[in-house]
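[1] Dropping a prediction and its sequence here:
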Amino acid sequence: MPLRVVTQKITNTIVYHYLERKNSLLRYVAKYSEDDLLCDEHFRIVYISDKYTDKFPIGDDIRSYLNGQSTYKQEEIYVDKELVGYRFLLQDFSSEQNSFYYPGISSQNEKYQKFLKKVVMFATSDLPIHIYGETGSGKEIIAETIHHNSSKKSGPLVALNCGALNENLLESQLFGYAPGAFTGADSKGHTGKIEQADGGSLFLDEIDNMSKKMQTALLRVLEDQQVTRINGLPKKVDFRLITASNQDLKQAVVEQRFREDLFYRIFVGQLAIPPLRERLIDLRPLIQEFCTQKNWRINWQEEIFQAAKNYSWYGNVREFNNFLERLYVFYSSEQPSKQDICELIESGSLQVTDAKANNEKQEIENALEKEKFHISNTAKRLGFSRATLYRKMKAHNMK
């Protein structure tokens with residue numbers, strides 16, 4: 001068969017399937033014409049509701065108009081199990097979120113939006129607030145949100161990580177010290193974080209790492225509403241206290257690592273940040289915001305999302321942003337394969353490392369049972385030397 005004929009047949013087949021997908025999408029449009037915006041499988045706009053006709057031209061790539069601050073919901077459209085396009089709902093799913101100060105990325109997740117409403121309700125009160133959030137979940141952003149939506153917003157927001165300092169440094173940082181308070185002290189003295197926060201908000205992260213001595217000292221400040229510098233005199237202070245931890249503070253009280261009376265002082269407004277694995281839809285705006293910040297113009301954001309949504313992200317937003325940084329370094333000018341993307345995710349995932357270790361341990365246990373715990377035969381079955389098998393068994397605490 002002549003090459004020209006073969007080429008024409010292939011072209012006809014491609015065109016046929018293309019038109020079939022178009023027809024399927026048009027049938028969908030006729031059925032669901034109330035939708036705001038519909039795109040084909042390549043994200044080209046094929047339908048827009050009247051209220052957006054002046055903003056999104058037909059035929060344009062919708063991704064060029066969306067960024068990390070856009071509020072929308074994206075759904076895939078399947079007809080006969082074939083992806084024919086995407087449905088975008090552009091109404092303001094978080095109108096409440098836009099009515100208050102929030103420095104984070106706009107969330108499309110209903111659970112997180114409800115959480116933010118709770119944040120603002122607590123912020124407008126005068127209650128002490130405790131934030132529980134896993135590592136990398138954005139406790140600092142929530143503390144900032146609370147401060148800037150509170151009656152103390154005209155004052156400073158002063159933050160201190162209690163887990164980053166030993167007891168002596170924490171004491172001097174938190175309470176300050178008078179001139180000449182100790183050897184090596186600044187001759188002018190030092191204003192502590194509590195004093196700096198006067199008229200504003202004090203954010204104490206990892207408060208569960210405070211020693212009992214420091215807990216007692218903080219409790220005294222809260223009860224007396226005054227702070228005393230090391231070797232100094234008492235001074236009245238007025239501040240909003242925001243605390244945070246990535247551990248269960250109630251359990252710390254049960255284990256007698258945290259004072260019960262201080263717990264009841266600070267654990268009044270309780271906020272638990274929903275982890276990223278429970279709102280994977282928010283991966284999209286995180287990807288878009290990262291690309292915007294880096295001025296990284298790529299047309300494969302959806303491929304990143306499709307690979308990333310299969311992971312749990314126990315390091316939360318911090319882990320996800322670290323992955324995007326690696327992706328940007330290695331693939332700033334070319335598109336990676338799905339396997340390449342997955343490898344970059346797994347290279348920074350503790351969860352994947354744990355899973356691989358557990359799989360290896362199970363594999364060794366199964367081989368030992370099959371070889372009736374004969375070490376040489378087990379090593380041979382696994383392709384290890386005896387020394388390597390012993391080393392791996394020791395690493396997995398296997399006897």
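    In hand now; what should we look at?
[2] only C-alpha atoms for contact and neighbour calcs from this point on.
    OK.
[3] Show me the strands in the stretch 251-399 of the chain, by range?
    Along the stretch 251-399 of the chain, the stretches classed as strands by DSSP state E, counting those that start in this stretch are 269-272.
[4] what residue ranges in it score low on pLDDT?
    Under the criterion pLDDT under 70, the flagged ranges of the stretch 251-399 of the chain are 352-359, 395, 399.
[5] go on, the stretch 51-200 of the chain?
    51-54, 66-73, 90-98, 184-185.
[6] again, only this time at 80
    Judged against pLDDT under 80, the low-scoring parts of the stretch 51-200 of the chain cover residues 51-56, 63-84, 87-99, 180-187.
[7] Helices of that one, start to end?
    Counting by DSSP state H, counting those that start in this stretch, the stretch 51-200 of the chain has these helices, from start to end: 95-98, 110-123, 139-148, 167-175, 193-196.
[8] mind checking which of those helices is nearest Val158?
    helix 193-196 (6.5 Å; CA to CA).
[9] For the helix or strand that comes right after the closest one, what is the distance to the chain centroid?
    Moving toward the C-terminus from helix 193-196, the next helix or strand (DSSP states H and E) is strand 201-205. When C-alpha coordinates are averaged (CA atoms, centre = their mean, to the nearest Å), strand 201-205 and its chain have centres 20 Å apart.
[10] which residues are in contact with the next helix or strand after strand 201-205?
    Following the chain from strand 201-205 toward its C-terminal end, the next helix or strand by DSSP H and E is helix 212-224. Taking CA atoms under 8 Å, 6 or more residues apart in numbering as the criterion, the residues outside helix 212-224 that touch it are Glu167, Glu171, Val227, Arg257, Phe258, Arg259, Asp261, Leu262, Arg265.
[11] hmm, back to that, would you mind putting the helices of the stretch 51-200 of the chain into CSV with distance to Gln301 alongside?
    Converted to CSV, the helices of the stretch 51-200 of the chain look like this (distance: least, CA to CA, whole Å):
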stretch, distance to Gln301
helix 95-98, 25
helix 110-123, 23
helix 139-148, 25
helix 167-175, 44
helix 193-196, 42
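[12] Of these, which is nearest Ser332?
    Within the helices of the stretch 51-200 of the chain, the stretch nearest Ser332 is helix 139-148; the backing value is 28.3 Å (CA to CA).
[13] Just the C-alphas of that closest one, formatted as PDB.
    The C-alpha coordinates for helix 139-148 follow below in PDB (Å, rounded to 0.1, in the frame of the first residue of the first chain):
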ATOM      1  CA  LYS A 139       1.100  26.800  61.600                       C
ATOM      2  CA  GLU A 140       3.000  30.100  61.100                       C
ATOM      3  CA  ILE A 141       0.500  31.100  58.400                       C
ATOM      4  CA  ILE A 142      -2.500  30.400  60.700                       C
ATOM      5  CA  ALA A 143      -0.900  32.400  63.500                       C
ATOM      6  CA  GLU A 144      -0.400  35.300  61.100                       C
ATOM      7  CA  THR A 145      -4.100  35.000  60.000                       C
ATOM      8  CA  ILE A 146      -5.200  35.100  63.600                       C
ATOM      9  CA  HIS A 147      -3.200  38.200  64.400                       C
ATOM     10  CA  HIS A 148      -4.200  40.200  61.400                       C
END
